[in-house]
Structure formats: structure tokens, C-alpha cells
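>>> Turn this into a model:
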Amino acid sequence: MASKKEPTPVADTKGSSNPGLNDPYLDARREWNERYGSYISRAKNWRLMAFGVLGVCLVQTVGLVTMATQNKLVPYVVQVDKLGSVVPVARADQMGKTDERVVKALLARFISDARGVVSDGIAQRQMIDRTYAMLSNGTRALSIVNEFYKGDPPFARAATSGVTTEVSSVIPVTDKTWQVEWEETTRATSGAITNKLRWKANLTLAFNPPTNERQIRVNPIGVFITDLSWSQVL
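Numbering: from 1, shown residues only. Below is the predicted model of the structure:
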């Protein structure tokens, strides 16, 4: 008896013989990639660009803040001759040896401001401010001036008398120490002289160029007094 033949399978012309090609999950992934892959890629690129721009802005901001906090004020010292014409001009923070005439003028003004007493309250306050502008923090000179003002407040003293000073000499003793001599005249509110005494002081100096406009106005070359002693000349 002849055996029955099995029917020969007919290939599906609409699909592939590879079962993986007809996987609905793979088809969905391909569809997703075709539709949204380019969007995702562009979004990733935009995010990277945004982070890059943010980083550049951050670096610029830090740089601007650093520049803003740095001092850009450059002090200059200008000297003039007898006719008022400008002679030399030099940066105060790059000066060599300081002109002794300038130091003498500042020390004479310091003595007049520290020891003088006037009836004008505004003028007296300006004298005190100029005095402290030439004193370094944490120094013996600052302590002595504080004790002097505390023991004999100039505002209280101005109610009954006034004091004027006449500096007679400002002489360098060493590179850092100067000696100043002056005469103090005390007058009553009526103008009559009540006392006239001679004084002497030794001042120890330090130089620190000014770093802001206010310091330039009150102490243009940065002369600071770190130690002082004053006494009456008998």
C-alpha cells in the first residue's frame, strides 16, 4: 500500500521565514525609533548645549565678581614748584624714597590736629578724623591718642578754651623715627592767653600706600604712626 505523502509547506510570500522579523515588539521599537529617535537625539544635543552655555556664564560671572572685588584705584603723588607747575608725578604704591618735605608736612599737621582744640564742632571732628587716619590699628600710638582724648575730651574743652599749635621743627632721627617740637597756646573764650607751653614728641613711622579714595584724601602717601611719646619741654 503506497504511503500517503505529507503536503509540502508553501512559503509565505508576504513575510519572512525568520520568526524574529515578525516580532510585534521589534516592530514597535522600529516604529518608535523612526518617529521619535531624531527628536530624542536633538533634545540631547540641546541639553548638552544648554549645560555648556551655563558653564560659560558661570565662569564669566566668577571672573566679573573677582575683577569687581579687586582694587582698581591707583594713587599718584604730584609735586609742584613755586609757581604751581607740575614737576614730577609718581605712583604712590611704587614710590621709592618718600620726599621728606611731604612727611614733615603730614607730621606737622598730625600734631596740630591731635593737640588742637577749636570751638567749631565740625572742624574739630575733621581734625580728629585726620588724626586717626594716620594711626595704625593695634599700635601703641593708637592707645596713647585714645587715652589722651579720653582724659581731656576736645569737645568738652572747647566750651571753655581753645588750643593752637605752632610746630617749630620736624627732624628725622632715624629712617623710621622723627622728632617734632611745637608750642601750644591756650586761650580762653574771650581770647586771652591763659597758658603757653613747649612740647616735644618722638614718632615712629610705617609706610603703607592708600588703597581707596578716602585714604588718599586724608593720608595721600600712606604715612602711619605706630608709636609715639610726647612730653612737655621744661
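>>> Residue 225 is in contact with residue 208, correct?
No: counting by Cβ atoms under 8 Å, residue 208 does not reach residue 225; the two are 11.5 Å apart. All C-beta spots, glycine's among them, are computed from the backbone N, C-alpha and C.
>>> Tell me which of these two has more neighbours.
Neighbours per residue (other Cβ atoms under 10 Å) separate residue 208 from residue 225, with residue 225 holding more: 25 against 13.
>>> Skip the chain neighbours and tell me the closest residue to the more buried one.
Sequence neighbours aside, residue 141 is the residue nearest to residue 225 in space, at 4.6 Å (criterion: Cβ to Cβ, 6 or more residues apart in numbering).
>>> Same question for the helix or strand containing that neighbour: list its buried residues.
With secondary structure defined by DSSP states H and E, residue 141 is part of helix 140-151. By 16 or more other Cβ atoms under 10 Å, the buried positions in helix 140-151 come out as 141-142, 144-145.
>>> Next secondary structure after that helix?
Downstream of helix 140-151 (by DSSP H and E), the next one is helix 154-157.
>>> quick one: that next one to chain centroid distance?
Chain-centre distance of helix 154-157: 34 Å, with Cα atoms, centre = their mean, to the nearest Å.
>>> Number the residues from 89 up from this point.
Yep, numbering from 89; the last one is helix 242-245 now.
>>> Need the contact partners of that helix.
Outside helix 242-245, the residues that touch it by Cβ atoms under 8 Å, 6 or more residues apart in numbering are 204-205, 209, 212, 215-216, 251.
>>> Farthest pair within these?
209 and 251 (15.1 Å; Cβ to Cβ).
>>> Report the buried residues of stretch 251-264.
Going by neighbour count (16+ other Cβ under 10 Å), the buried part of stretch 251-264 is 251, 253, 255, 258.
>>> these two touch, right, the last one and residue 265?
No: the criterion here is Cβ under 8 Å, and residue 258 misses it with residue 265 at 11.9 Å.
>>> before we move on, what SS does residue 130 have?
helix (DSSP: H, G, I helix; E, B strand; the rest coil).
>>> now it: how far from residue 136?
11 Å (Cβ to Cβ, to the nearest Å).
>>> shaky segments in this structure?
Applying pLDDT under 70 to the chain picks out residues 89-111, 113, 115-129, 156, 158-186.
>>> just checking, next helix/strand downstream of the longest strand anywhere in it?
Using DSSP state E to define each element, the chain has its longest strand at strand 281-295. Downstream of strand 281-295, the next assigned helix or strand under DSSP H and E is helix 301-306.
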